[in-house]
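In: compute the structure for the input listed below.
(chains A and B, ligands or ions: 2)
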Amino acid sequence: MKTGEARKPGILQLRGVRKVFARGTIDEVKALDGIDLVVYERDFITIIGSNGAGKSTLLNIVAGVYPPERGGRVVIGGVNVTNLKEYKRAAYVGRVWQQPEAGTARNLSIEENLSLALLRGQSRGLKLAINRQRRQLFREALAVLGLGLEDRLNTPVGTLSGGQRQALALVMATISRPTILLLDEHIATLDPKTAQTVLQLSDMIIEREKMTAIMVTHNMEIALSYGNRLIMMHKGRIIVDIGEKDKKTLSVADLVTAFGRAAGEQFNDDSILLSDS
Amino acid sequence: MDVGSLLSVSLYEGLVFGLLTIGVYLTFRVLAFPDLGVDGTFPLGGAIAAVLIVAGANPFLATLAAFGSGLGAGLITGLLNTKLRISALLSGILMMVALYSVNLRIMGGGNVPLLRDVTSFDLVAQILGVRGGMALSIAFVLLVVAIFVTGLNWFLRTEIGLSLRATGDNEQMVRGLGASTDRNVLIGCAISNGLVALAGALVAQNQGFSDVGMGIGMIVMGLAAVIIGEGVFRPRRITTILLACLGGTFLYRLFINVALRLGMAPGDLKLITAILVVVVLAIPFIRKKIRGEWMPPAARM
Ligand SMILES: Nc1ncnc2c1ncn2[C@@H]1O[C@H](COP(=O)(O)OP(=O)(O)OP(=O)(O)O)[C@@H](O)[C@H]1O
Ligand SMILES: [Mg+2]
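Out: Numbering: from 1, shown residues only, chains lettered A, B, ... in the order given. Ligands and ions are numbered 1, 2, ... in the order given. Now for the predicted structure:
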């Protein structure tokens, strides 16, 4: 899939999104400084950018943790969600954070965690949260991971390893098919081998479930080899947006050069778009 | 007091105060909401039940009304926190202080005697055609506890109940999955205080009076019982956790009753409670020390 062709309207649209923290104080930060972004259905975007570039803030705005500054617009699946509270837009957004603890509840069992995730964005009622049918569904979803978690449904999540927990968080983020999946450096705290496993699982689930996803990473190689589109952020702006074709031919060195160039020129030129020819 | 009566008194107290312990467990552990309002809601339950009974209401309904008053008080504590963003600790303290005045107003004084009135315990005895006494008291509170604990055990395993249990664990995740953590806090605080007020209503009826000071130290007792229950029974699933709350309260009351029997002055009980909690908390540490296992650094929360 190319980004250049004319396609359906974006599944996620950000228009004029800005975010200022600690406004009016000496610590004022423009975390996002005018973001315009259209994400198309089945895009798998990798985002890179230095510390403090605004990557997590961008994902937080999409998830609704906080609203953008006045004038900004966030539209998901055709619905204007700009001022919708986080818990009310859960059906649209699945998330995995950097820390495995963030995506799971440690005192609850694996099946209880999955049951919470299964009901993402639905109204919760007075039905028992776990029944045989759901348990079967959880087993199948966990079996895909190949980690043997399907036989440990009653295990408290707090006793799992970081990698197991992150794999579970991934299943929790995707089991109810949210419109968009946000991965924020979700393999950064794992050992290299586990990180590779979780990364491949993510890629496989995104492919299998035909999901639209955004993945933040600090690893340029990963950013280049996964997904169909690469975005580079710098000081609250998107300075590079590369489509699939360029992404395939680009090397890490090219990326570093592009970054240097884009970061240097951003005052004259808002962004450098290396579009598909 | 012989061993038999020591055990039966402790059993009765374990059950009736066990309701309070479960309430404390709900806020402190499940919601991670340290609600200190318990010292005010316990006498609130006693006051409501006593005043209604003296006014001629059916004692069972009066007891239910006490439960309802606790639900309302808990709801207010929850609202102070979720809507006005007052810290959980302060919300509970404010409620406790406010309820002291409210309880005095409800009772029209510091104390309402129930000696000549028909309480729930008397009514049960009448219905069954037996004489009241410890066995009957135990049977009645056992029934009440069974009803409420079974209901709660079911509720906490429903879809809403599960999201409530996750709220104290990982609030950010619960919101991310589409449940309102504010609503969960409100429900949890309400049920917690409802149970505490219910315990107060039963205690007042059994002792034959309601007193504005009867709530003093209840939060400490509830916490001690939670800690003992967790430490001794090491429960994992929600059903066993609820039972461990009851078991912990029984052990706590047994310990206190034994201490009293051994001639300790009532004034020493607070010190004994503190020592008991320290001992229970220190056991896992000491055990690990002896085995030479690694111990994580001290937690502050
Ligand atoms: N809640 C907040 N309050 C105040 N400042 C914030 C807050 N969140 C982010 N910031 C600031 O906004 C800027 C962007 O932060 P953000 O977390 O989005 O960066 P990032 O690109 O995710 O960086 P990293 O790679 O280190 O995760 C930083 O300067 C940060 O200090
Ligand atoms: Mg970040």
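
In: strands along the chain, start to end?
Out: Went with chain A since none was named. Counting by DSSP state E, chain A has strands at residues A:12-21, A:29-39, A:44-49, A:73-76, A:79-80, A:93-96, A:180-184, A:212-216, A:229-234, A:237-242.

In: ah, I was thinking of chain B
Out: Secondary structure of chain B (DSSP E): strands located at B:111-113, B:209-211.

In: in the first one, what's buried?
Out: Read it as strand B:111-113. For strand B:111-113, the neighbour count (16 or more other CB atoms under 10 Å in any protein chain shown) marks residue B:112 as buried. Backbone N, C-alpha and C define where each C-beta goes, glycine included.

In: ditto for the last one
Out: By neighbour count, and taking 16+ other CB under 10 Å as the criterion, the buried residues in strand B:209-211 are B:210, B:211.

In: next, count neighbours for residue A:132.
Out: Other residues near residue A:132 come to 7 when the count uses other CB atoms under 10 Å in any protein chain shown.

In: burial of residue B:34, as a residue count?
Out: When neighbours are counted by other CB under 10 Å, residue B:34 registers 17.

In: give me the neighbour count for residue B:102.
Out: Per other CB under 10 Å, the neighbour tally for residue B:102 reads 17.

In: next one: residue A:225
Out: Neighbours of residue A:225 under the rule other CB under 10 Å: 13.

In: find the residue closest to residue B:248 in space, skipping its chain neighbours.
Out: Counting by CB to CB, 6 or more residues apart in numbering or on different chains, residue B:248 lies nearest to residue B:229, which is 2.4 Å off, once chain neighbours are set aside.

In: contacting residues for that neighbour?
Out: By CB atoms under 8 Å, 6 or more residues apart in numbering or on different chains, the contact list for residue B:229 reads B:21, B:235, B:244, B:245, B:246, B:247, B:248, B:249, B:251.

In: for residue B:5, same thing?
Out: Per CB under 8 Å, 6+ apart, neighbours of residue B:5: residue B:134.

In: could you measure from it over to residue B:266?
Out: 18 Å (CB to CB, to the nearest Å).

In: same check on residue A:177?
Out: For residue A:177, the distance to residue B:266 - CB to CB - is 62 Å.

In: longest single helix anywhere in the chain?
Out: Went with chain A since none was named. The residue-count maximum for a helix in chain A (DSSP state H) belongs to helix A:192-208.

In: think we crossed wires, I meant chain B
Out: Ranking each helix of chain B by length (DSSP H) puts helix B:181-207 first.

In: contacting residues around the closest residue to residue A:77 other than its chain neighbours?
Out: Using CB to CB, 6+ apart and skipping the chain neighbours, the partner closest in space to residue A:77 is residue A:179 (4.9 Å). Contact analysis of residue A:179 by CB under 8 Å, 6+ apart lists A:11, A:12, A:76, A:77, A:91, A:92, A:93, A:212.

In: make TSV from those residues and add neighbour count to it.
Out: Putting those into TSV (neighbours: other CB atoms under 10 Å in any protein chain shown) gives the following:
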residue	neighbour count
A:11	19
A:12	24
A:76	25
A:77	17
A:91	18
A:92	23
A:93	24
A:212	21
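
In: contacts only, for the closest residue to chain A within chain B.
Out: In chain B, the residue that lies nearest chain A is residue B:178 (2.9 Å; CB to the nearest CB). Residue B:178 makes contact with A:87, A:88, A:90, A:91, A:119, A:120, A:121, A:122, according to CB under 8 Å, 6+ apart.

In: per-residue pLDDT, the second one?
Out: Here, the pLDDT recorded for residue A:88 equals 94.

In: separation between it and residue A:35?
Out: For residue A:88, the distance to residue A:35 - CB to CB - is 22 Å.

In: what about the two, which has more around it?
Out: More crowded of residue A:88 and residue A:35, by other CB under 10 Å: residue A:35, with 22 against 15.

In: what about the closest residue to that one other than its chain neighbours, distance to ligand 1?
Out: With sequence-adjacent residues excluded and distances taken as CB to CB, 6+ apart, residue A:35 is closest to residue A:17, at 4.2 Å. For residue A:17, the distance to ligand 1 equals 12 Å [CB to the nearest ligand atom, to the nearest Å].

In: same deal with residue A:261?
Out: 20 Å.

In: repeat that for residue A:52.
Out: The gap separating residue A:52 from ligand 1 is 4 Å, by CB to the nearest ligand atom.
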